[in-house]
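Visitor: take this sequence and fold it.
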Amino acid sequence: MRETKAPAAKRGLLQLTGVVVDILQKVERLPQPGEEVAAEAALVGAGGGFNALAAARRAGADAAYGGALGVGPFADIARRALADIGAPALQRRMMPIDQGFCTVLVERGGERAYVYSAGAERAATAEDLAALPAAEFAWVLLGGYAAPPDAEPDIFGDWLAALPLGVRLMFDPTPLVLAVGRARAAKALARADWVSANRSEAEALTGKTPALAARALSQGREGAIVRDGARGCWISQAGGAVRLIEGFRVEAVDTTGAGDAHIGAFIAARIAGRTTFDAARFANAAAALSVTRLGAATAPGLDEASAFLGTRV
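Guide: Below is the predicted model:
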C-alpha cells in the first residue's frame, strides 16, 4: 500500500499592506495654519502595515510581511521592528529607495491627523508579488494603502485574481477606499472572504448604517466586520443575522492603529481556532487596550488581552 503524505499545515498570516515609519507627536491640539505648537511627547517607530502584523504576532499567530522593504534609515527601522516580532520579510530589498514615513499628530483626546510620504512600500512590481508563497498561508491581509490610487498597472487586482481559493483574504478598505476608485475596490471585494471596515469606510462603500452595512458587505463572502469605535463591532456572516459584539470603554490616549489591532487580533484568534464571535470579542479587547497607549503598534500580547477579557465577564 502506497503511503500518502498529509497535506502541509498552512502558515498563518501574510500581510501585504506596506510597513512605513511613524513619526508621532502628541499635542494639546492641532495647529492652525502658520501656527507652531509644542509636542508633549514624541516617538518614532514602525507603523502602517506593521500594526496589524504586530497585533497578530503578539496574539500568537505565525505571520510574515509580503510588502516591500527599501534601503535607508527608515527601512532599517522597519527591518529591525519586523525582526523584533519574528515576522520575516519575504520580498527583495528595493534599491535605492528608503521606506515611506507618516507624520502623525495626536490630540489629547486621542484623535489624530496624518501626513504620508510614500517610499519603497509602494515600489513592488507584479513579478515581486508573483514570487510570494501566498498559497502556503491560511490568511492574506490587504489594505487600501497597499496600492496608490494612480498606480498603473493595477498589480494587486491582477494578483488577487490568481490567489488560490484555499487562502482566506481579509480586505481592509482603509480611508483610501474612495481614493483608490470603486473599480479597484471592487476587485478586492470580489475576492475577499472577509471585509473589515470602520464605520465611515463601511458607509462610503454601502451608503448604509453600521448594521446594514455589515449585512451588505457580507453578501457573497464568508463574512464582514464593521468596527464602530468604543461601541464594538458589527458582525455579519453569510446567511446569518447581524450581531453587535459589545466593545470595552477605556480612557483613550491615542486611537492610532486601533483598527489595525482589531484586524490582526481577529485573524490571529481565527487561526487559533476561535469562533467568529469569540474572535471578534478578543479583537475588541485588543483594540481597547491599544488605545490606552501612545503609538500605533500598541496591540497587547495574548496573555494581557486574555486577562483583560477575564475581568469583563
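Visitor: next, the buried residues of stretch 209-225.
Guide: For stretch 209-225, the neighbour count (16 or more other C-beta atoms under 10 Å) marks 210-218, 221, 223-225 as buried. In this view, the C-beta of every residue, glycine as well, is placed from N, C-alpha and C.
Visitor: stretch 32-46 too?
Guide: If you call a residue buried by 16+ other C-beta under 10 Å, then stretch 32-46 has these buried ones: 45-46.
Visitor: can you give me the end-to-end distance of it?
Guide: 28 Å (C-alpha to C-alpha, to the nearest Å).
Visitor: do stretch 113-130 as well
Guide: So stretch 113-130: terminal residues 35 Å apart, C-alpha to C-alpha.
Visitor: got the buried residues for that stretch?
Guide: 118-124, 128-129.
Visitor: of all those, which comes closest to residue 96?
Guide: residue 120 (9.4 Å; C-beta to C-beta).
Visitor: my read: residue 45 touches residue 293, true?
Guide: No. The pair residue 45 / residue 293 is not scored as a contact, 11.8 Å apart, by C-beta atoms under 8 Å.
Visitor: for the stretch 151-300 of the chain, which segments count as strands?
Guide: 168-172, 194-198, 223-227, 232-237, 243-246 (DSSP state E, counting those that start in this stretch).
Visitor: so can I have a markdown table of the ones you listed showing mean pLDDT and distance to residue 110?
Guide: Output for these, formatted as a markdown table (pLDDT from 0 to 100; distance: least, C-beta to C-beta, whole Å):
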| stretch | mean pLDDT | distance to residue 110 |
| --- | --- | --- |
| strand 168-172 | 96 | 20 |
| strand 194-198 | 96 | 15 |
| strand 223-227 | 98 | 15 |
| strand 232-237 | 97 | 17 |
| strand 243-246 | 98 | 20 |
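Visitor: tell me which of these lies nearest to residue 297.
Guide: Comparing the strands of the stretch 151-300 of the chain by C-beta to C-beta, strand 168-172 comes nearest, at 15.4 Å.
Visitor: that closest one: which residues count as buried?
Guide: 168-172.
Visitor: could you do stretch 295-306 as well?
Guide: For stretch 295-306, the neighbour count (16+ other C-beta under 10 Å) marks 295-300, 302, 305 as buried.
Visitor: where's that stretch relative to the chain centroid, distance-wise?
Guide: 14 Å (C-alpha atoms, centre = their mean, to the nearest Å).
Visitor: end to end, how far does it reach?
Guide: Start-to-end, stretch 295-306 (C-alpha to C-alpha) is 21 Å.
Visitor: the stretch 101-250 of the chain: helices as residue ranges?
Guide: For the stretch 101-250 of the chain, the helices defined by DSSP state H, counting those that start in this stretch cover 126-130, 155-161, 182-191, 199-206, 210-218.
Visitor: what's the angle between the worst-scoring helix or strand of the chain on mean pLDDT and strand 168-172?
Guide: Least confident helix or strand of the chain, by mean pLDDT, DSSP states H and E, is helix 182-191 with a mean of 79. Relative orientation of helix 182-191 versus strand 168-172 (axes from the mean of the first three to the mean of the last three C-alpha atoms, to 10 degrees): 150 degrees.
Visitor: relative to residue 155, how far out is the nearest residue to residue 308 once chain neighbours are set aside?
Guide: Excluding the flanking residues, the one nearest residue 308 by C-beta to C-beta, 6 or more residues apart in numbering is residue 285, at 5.1 Å. Noted for residue 285: a distance of 36 Å to residue 155, by C-beta to C-beta, to the nearest Å.
Visitor: more neighbours: the two, which one.
Guide: Neighbours per residue (other C-beta atoms under 10 Å) separate residue 285 from residue 155, with residue 285 holding more: 25 against 18.
Visitor: residues touching the more buried one, list them.
Guide: 248, 265, 300, 305, 308-309, 312 (C-beta atoms under 8 Å, 6 or more residues apart in numbering).
Visitor: low-confidence ranges, the stretch 51-200 of the chain, go.
Guide: 147-153, 177-184 (pLDDT under 70).
Visitor: so residue 307, which state does it fall into?
Guide: helix (DSSP: H, G, I helix; E, B strand; the rest coil).
Visitor: burial check on it, number of neighbours?
Guide: Close neighbours of residue 307, defined as other C-beta under 10 Å, add up to 12.
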